[in-house]
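Enquirer: Give me a 3D structure for the following:
(2 chains)
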Amino acid sequence: DQQVKQNSPSLSVQEGRISILNCDYTNSMFDYFLWYKKYPAEGPTFLISISSIKDKNEDGRFTVFLNKSAKHLSLHIVPSQPGDSAVYFCAASAATFTSGTYKYIFGTGTRLKVLA
Amino acid sequence: DTEVTQTPKHLVMGMTNKKSLKCEQHMGHRAMYWYKQKAKKPPELMFVYSYEKLSINESVPSRFSPECPNSSLLNLHLHALQPEDSALYLCASSQSSRLGNTIYFGEGSWLTVV
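Expert: I've put the predicted structure just below:
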């Protein structure tokens, strides 16, 4: 049961254009969302986050949009650069009922390739 | 400085061996995590420690045994593993395990069970 899904396994974009990565979730209890970038043989690197009380958060070239009613979030990268080529994971968190500890569930990932 | 250090980077072990993965952070974070990642799959949560106490165990087999000796260190003891346990093991930490905390990952330990 995949609670966080990234339906596009891969995406290719020209350098300088916008990259849009999408993420859908099923659990309405998720209330904090993060995006990570992962290069091969490295751990995921945090990019940007958004709380469920917001619908947009921006940090430099990265903007995350959240549509709670659609249970959908997206990451926009503008302008895209060749160094952005990596696998991107979205992650969602919700408190567990037993301990109140927040756990993070990761999406399936999208491989972005930015073409020079 | 967001740094989580994992050792060893690569480990090959037999099915009868006992080994340990180690993780260290000096950011004053009070929550630490173990994730497992197989090829072309997302990271899967294994354990969460909050203030040195085990808070979440995602029904992980007992051949994986976590330990949190202090707030900076997290170990994963491995015993009688199976070849299907071969994966990238990621340690992460966050300021706390409450809402709105970003988790920061180490580079991972590549485990091969032969």
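
Enquirer: from what I can see A:T110 touches A:S12, true?
Expert: No: using Cβ atoms under 8 Å, A:T110 is not in contact with A:S12, being 11.0 Å away. Glycine gets a C-beta too; all of them are placed from N, C-alpha and C.

Enquirer: What residues does the most centrally placed residue in chain B make contact with?
Expert: The centroid of chain B falls nearest to B:W34 when counting by Cα atoms, centre = their mean (2.9 Å). Contacts for B:W34 (Cβ atoms under 8 Å, 6 or more residues apart in numbering or on different chains) come out as B:C23, B:L45, B:M46, B:F47, B:P66, B:L74, B:L76, B:Y89, B:L90, B:C91.

Enquirer: now it: how far from chain A?
Expert: 12 Å (Cβ to the nearest Cβ, to the nearest Å).

Enquirer: Any idea what residue 25 is bridged to?
Expert: All of this is about chain A. A:V4 (DSSP bridges).

Enquirer: was after chain B, sorry
Expert: Bridge pairing for B:Q25 - DSSP bridges - gives B:V4.

Enquirer: is it true that it touches B:S93?
Expert: Yes: under the criterion of Cβ under 8 Å, B:Q25 makes contact with B:S93 at 4.5 Å.

Enquirer: can you list residues touching both of these two?
Expert: B:V4, B:M32, B:Y104.

Enquirer: Could you report the pLDDT at the last one?
Expert: It stands for B:Y104. pLDDT, B:Y104: 94.

Enquirer: of A:T110 and A:S12, who's got more company?
Expert: The neighbour count for A:T110 versus A:S12, taken as other Cβ atoms under 10 Å in any protein chain shown, is higher for A:T110 (22 against 11).

Enquirer: How about the contacts made by the more buried one?
Expert: A:Q6, A:S8, A:P9, A:S10, A:L11, A:L21, A:N22, A:V87, A:Y88.

Enquirer: Could you find the closest non-adjacent residue to the first one?
Expert: Translated: A:Q6. Once flanking residues are discounted, A:Q6 sits nearest to A:G107: 4.2 Å by Cβ to Cβ, 6 or more residues apart in numbering or on different chains.

Enquirer: Which residues of chain B lie near chain A?
Expert: B:2, B:4, B:6, B:31, B:33, B:40-45, B:48, B:50, B:55-56, B:90, B:92, B:97-108, B:110 (Cβ under 8 Å from any Cβ of the partner chain).

Enquirer: ok, now with 6 Å
Expert: Listed as neighbours of chain A in chain B under the rule Cβ under 6 Å from any Cβ of the partner chain: B:42-43, B:45, B:48, B:50, B:55-56, B:90, B:97, B:99-100, B:102-103, B:105-108.

Enquirer: quick revisit: if you count surrounding residues, which of B:Q25 and B:S93 has more?
Expert: Taking other Cβ under 10 Å, B:Q25 and B:S93 do not tie; B:S93 has more neighbours (28 against 22).

Enquirer: surely that one meets B:M32?
Expert: Yes: counting by Cβ atoms under 6 Å, B:S93 does reach B:M32; the two are 4.8 Å apart.

Enquirer: With secondary structure and neighbour count added, can I get the contacts of A:T110 in a markdown table?
Expert: Listed next are these as a markdown table, based on DSSP: H, G, I helix; E, B strand; the rest coil; neighbours: other Cβ atoms under 10 Å in any protein chain shown:
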| residue | secondary structure | neighbour count |
| --- | --- | --- |
| A:Q6 | coil | 22 |
| A:S8 | coil | 15 |
| A:P9 | coil | 11 |
| A:S10 | strand | 10 |
| A:L11 | strand | 17 |
| A:L21 | strand | 22 |
| A:N22 | strand | 17 |
| A:V87 | strand | 20 |
| A:Y88 | strand | 23 |
